[in-house]
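S.K.: Sequence first, then the predicted structure:
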Amino acid sequence: MNTIDIIILILLAIGAYSGYKQGLFIGILSIVAFIIGIVFAFKFMHWGADLLAARVESLTFMLPFISFLIIFLLVTITIRILAFLVKKTLDLTILGTFDNFAGAILGLLKWGFMLSLLIWAADSFGMEMPQEELEKSSLFGVLEPFAPLVIDAVGTITPAIQDAVGRINELVKKSQDAVTN
């Protein structure tokens, strides 16, 4: 077990603990809110950018990103507030304990997915990682393909996810081109 494994284990433990505190119900609704937030943000990003462009004259190249972020946050925060209200009621029943333990498992999976997504993004942007340390890691090889596998599996079921991944790839390519030019 090397430094990378220890960091991964610490982050996954934090994920399990936060999942336990949240519970399964809020955990699932958080994932749903995240997906709905991304879909809505991509769907209405250009509309939001047009609204912002009428009010902001500088940084026009950033308006789609800012619009995406605003729409994403509005959708996810709204859904999370509603989920929190329902969770408070659920905690009053016997299902509250089961909800917490199942939430720990979901939290572990969510944090594993997010770590894998960060690794994937770093690789997409060409960030160099210490190959020597990565090869010694027991957990990195398991964690690295997790997000791409999940996104591919969900993408075949939901065309909106495939569309979102395509748009993200376009934005990454444009930002890479802007940096190199």
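M.R.: Cool, the structure landed.
S.K.: From here on, just use CA atoms for contacts and neighbour counts.
M.R.: OK.
S.K.: Please report how far R80 lies from N100.
M.R.: As for R80, its distance to N100 is 17 Å (criterion: C-alpha to C-alpha, to the nearest Å).
S.K.: Those two: who's more crowded?
M.R.: Each of R80 and N100 has its neighbours counted (other C-alpha atoms under 10 Å); N100 has more, 23 against 19.
S.K.: which one is the more buried one nearest to, not counting chain neighbours?
M.R.: The shortest distance from N100 to any residue other than its chain neighbours is 4.1 Å, reached at G23 (C-alpha to C-alpha, 6 or more residues apart in numbering).
S.K.: Correct me if wrong: that neighbour contacts I105.
M.R.: No. G23 sits out of contact with I105 when judged by C-alpha atoms under 8 Å, with a separation of 9.4 Å.
S.K.: Give the buried residues for the helix or strand harbouring I28.
M.R.: Assigned by DSSP states H and E, I28 belongs to helix 24-53. By neighbour count, and taking 16 or more other C-alpha atoms under 10 Å as the criterion, the buried residues in helix 24-53 are 24-30, 33-46, 48-50, 52-53.
S.K.: how far does the helix or strand that it is followed by sit from the chain's center?
M.R.: On the C-terminal side of helix 24-53, the closest following helix or strand by DSSP H and E is helix 63-90. Here helix 63-90 shows a centroid-to-chain-centroid distance of 13 Å under the convention C-alpha atoms, centre = their mean, to the nearest Å.
S.K.: Quick check: mean pLDDT of helix 63-90?
M.R.: Throughout helix 63-90, pLDDT has a mean value of 87.
S.K.: Which of G23 and I105 has more residues huddled nearby?
M.R.: The residue with more neighbours, out of G23 and I105, is G23; 26 against 18, by other C-alpha under 10 Å.
S.K.: Show the backbone phi and psi for the residue nearest to N100.
M.R.: G23 adopts backbone torsions of phi 90, psi 160, taken as degrees, to the nearest 10.
S.K.: Lovely, talk soon.
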